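S.K.: build the 3D model from these lines:
(one chain, ligands or ions: 1)
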Amino acid sequence: MSIRIIAAVARNNAIGNNNKLLYWLPSDLRRFKQLTTGHTIIMGRNTFLSLPKGALPNRRNIVLSHTVSSIDGCEVYGSLDEALVKCSSDEEVYIIGGASVYAQAIDRADMLCLTEVDDIPDEADAFFPDYSSWIEAWSEEHTKDEKHSHDFRFVDYKRPGIVDDDKNPHVLTDALEQRVQKAVELFMEGYNCSQSVVAAFADMYGMNRDTALRVSAGFGGGVGRLRMICGAVSGSVMIAGMYCGQTEGDDRQGKASCYKEIQEIIEEFKRENGSVICAELLGLNGAVPTGSLSYVPAERNAAYYAKRPCAQKVESAARILARHIMMS
Ligand SMILES: NC(=O)c1ccc[n+]([C@@H]2O[C@H](COP(=O)([O-])OP(=O)(O)OC[C@H]3O[C@@H](n4cnc5c(N)ncnc54)[C@H](OP(=O)(O)O)[C@@H]3O)[C@@H](O)[C@H]2O)c1
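M.R.: I've put the predicted structure just below:
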């Protein structure tokens with residue numbers, strides 16, 4: 001399980017006043033949605049009460065409370081420990097506030113995904129805990145404009161102690177982590193599962209985006225939407241071939257070491273996801289006779305993204321691939 005904290009923080013660590021956010025920054029809201037959609041969010045009851053429309057869609061909503069035992073669209077737990085125990089090892093958990101929950105979670109988080117706003121507000125009553133010892137891993141500057149009242153920057157921080165360990169197979173380099181996120185973004189833009197993985201890594205091996213998208217296009221939906229091997233896995237196999245594939249027909253040793261690498265990648269995916277078969281991952285097993293499968297892709301809308309686990313499978317396949325690239 002990964003535990004990430006996401007927050008918008010002023011220069012003096014202020015995050016709120018009168019149970020309201022201090023800033024309204026559309027790019028920040030977009031990033032929040034992009035990072036948390038499809039994942040689990042944990043929040044305190046005050047933060048839940050500050051949400052304009054209740055539980056956030058397309059996410060597993062968890063609220064912490066000692067005083068309330070049920071909330072529409074949310075799971076409610078009486079402690080952070082209890083909530084985390086209910087999350088599975090492959091879940092990506094985002095702690096979304098407020099001040100009291102950030103303070104409890106900061107010692108357990110792997111990463112802080114912050115929006116640092118270049119401002120000190122006149123009034124604030126909720127503050128983010130000290131994070132001065134965390135190590136900046138990635139950042140993106142934004143200047144104020146007609147929609148954004150202040151300069152701000154997106155910054156990812158990693159916990160000190162693990163950031164430099166670039167041979168730890170569970171901690172990706174920043175560049176590889178960004179490729180994993182890119183794969184998910186491509187999927188959310190409408191590319192198929194296989195294209196999303198291949199196009200996120202292809203340029204590392206001199207393959208241009210157009211070639212990457214074309215060569216992987218037919219592997220979506222478990223190869224041609226036939227629900228066989230997961231397209232995200234096929235995509236990772238294609239990219240793995242770029243660093244481990246043999247190029248001579250009689251190179252048996254080269255072939256063997258390539259197949260070994262591929263078997264390891266597939267085993268890891270199976271361990272994390274229970275299967276590499278698209279139909280099984282979608283829970284369609286036995287429900288659809290092969291001959292009746294349509295070649296027409298489903299429309300990509302909110303219902304699709306809420307129901308399908310594919311964005312998570314793309315992320316899982318991309319992350320496993322990235323770990324192998326890092327160790328190769
Ligand atoms: N800038 C940002 O990114 C951001 C993000 C989120 C929130 N905020 C701001 O943060 C402020 C709210 O922070 P806050 O500290 O007042 O409230 P909070 O952390 O959102 O909620 C506090 C409540 O959560 C429950 N709770 C917390 N820890 C718990 C635990 N371990 N076990 C059981 N229940 C637990 C308790 O509810 P009960 O009283 O029901 O027991 C507690 O009163 C607001 O101003 C909000 O706008 C800012």
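
S.K.: what count of nearby residues applies to N18?
M.R.: One way to gauge burial is a neighbour count; for N18, by other C-beta atoms under 10 Å, it gives 9. The C-beta positions use only the backbone N, C-alpha and C, and glycine is treated the same way.

S.K.: please report how far it lies from F219.
M.R.: The spacing between N18 and F219, counted by C-beta to C-beta, to the nearest Å, is 52 Å.

S.K.: tell me the residues of the chain that contact the ligand?
M.R.: Listed as neighbours of the ligand in the chain under the rule C-beta under 6 Å from any ligand atom: 7-8, 15-16, 19-21, 43-47, 50, 64-68, 78-80, 96-101, 104, 126.

S.K.: tell me the buried residues within these.
M.R.: A residue is treated as buried here by neighbour count (16 or more other C-beta atoms under 10 Å); on that basis the buried members of the residues of the chain next to the ligand are 7-8, 15-16, 21, 43-47, 50, 64-65, 80, 96-99, 101, 104, 126.

S.K.: mind exporting the C-alpha coordinates of the helix or strand hosting C113 to CSV?
M.R.: For C113, the element it lies in under DSSP states H and E is strand 111-117. The C-alpha coordinates for strand 111-117 follow below in CSV (Å, rounded to 0.1, in the frame of the first residue of the first chain):
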residue,chain,number,x,y,z
MET,A,111,5.0,10.9,-0.2
LEU,A,112,3.6,14.4,0.1
CYS,A,113,1.8,15.8,-3.0
LEU,A,114,1.6,19.5,-2.2
THR,A,115,0.5,22.6,-3.9
GLU,A,116,2.6,25.3,-2.3
VAL,A,117,0.8,28.7,-2.6
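
S.K.: return the list of strands paired to that strand, each annotated with direction.
M.R.: Strand partners for strand 111-117, identified by DSSP bridges, are recorded as strand 2-9 (parallel), strand 152-158 (antiparallel).

S.K.: what does the longest one rub up against?
M.R.: I take that to be strand 2-9. Applying C-beta atoms under 8 Å, 6 or more residues apart in numbering, the contact partners of strand 2-9 are 15, 21-23, 25, 28, 32, 35-36, 84, 91-97, 102, 105-106, 108-117, 128, 152.

S.K.: now that strand: buried residues?
M.R.: Residues 3-9 are the ones in strand 2-9 that count as buried (16+ other C-beta under 10 Å).

S.K.: columns pLDDT on top of these, output as JSON lines?
M.R.: Putting these into JSON lines (pLDDT from 0 to 100) gives the following:
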{"residue": "I3", "pLDDT": "92"}
{"residue": "R4", "pLDDT": "95"}
{"residue": "I5", "pLDDT": "97"}
{"residue": "I6", "pLDDT": "98"}
{"residue": "A7", "pLDDT": "98"}
{"residue": "A8", "pLDDT": "98"}
{"residue": "V9", "pLDDT": "98"}
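
S.K.: helix, strand or coil for the residue of the chain positioned farthest from its centre?
M.R.: With distances taken from the mean C-alpha point of the chain and given as C-alpha atoms, centre = their mean, the most distant residue is D250, at 40.8 Å. Following DSSP: H, G, I helix; E, B strand; the rest coil, we place D250 in the coil state.

S.K.: what confidence value was assigned to it?
M.R.: Per-residue confidence at D250 stands at 94 (pLDDT).

S.K.: distance of it from the ligand?
M.R.: According to C-beta to the nearest ligand atom, to the nearest Å, D250 and the ligand sit 60 Å apart.

S.K.: now swap in E116 and tell me
M.R.: As judged by C-beta to the nearest ligand atom, E116 and the ligand stand 11 Å apart.

S.K.: mind listing what that residue touches?
M.R.: For E116, the set of contacting residues under the criterion of C-beta under 8 Å, 6+ apart consists of 9, 11, 152-153, 155.

S.K.: just among the residues you listed, which is most surrounded?
M.R.: Note: the member of the contacts of E116 with the most neighbours is F152, at 25 neighbours, neighbours being other C-beta under 10 Å.
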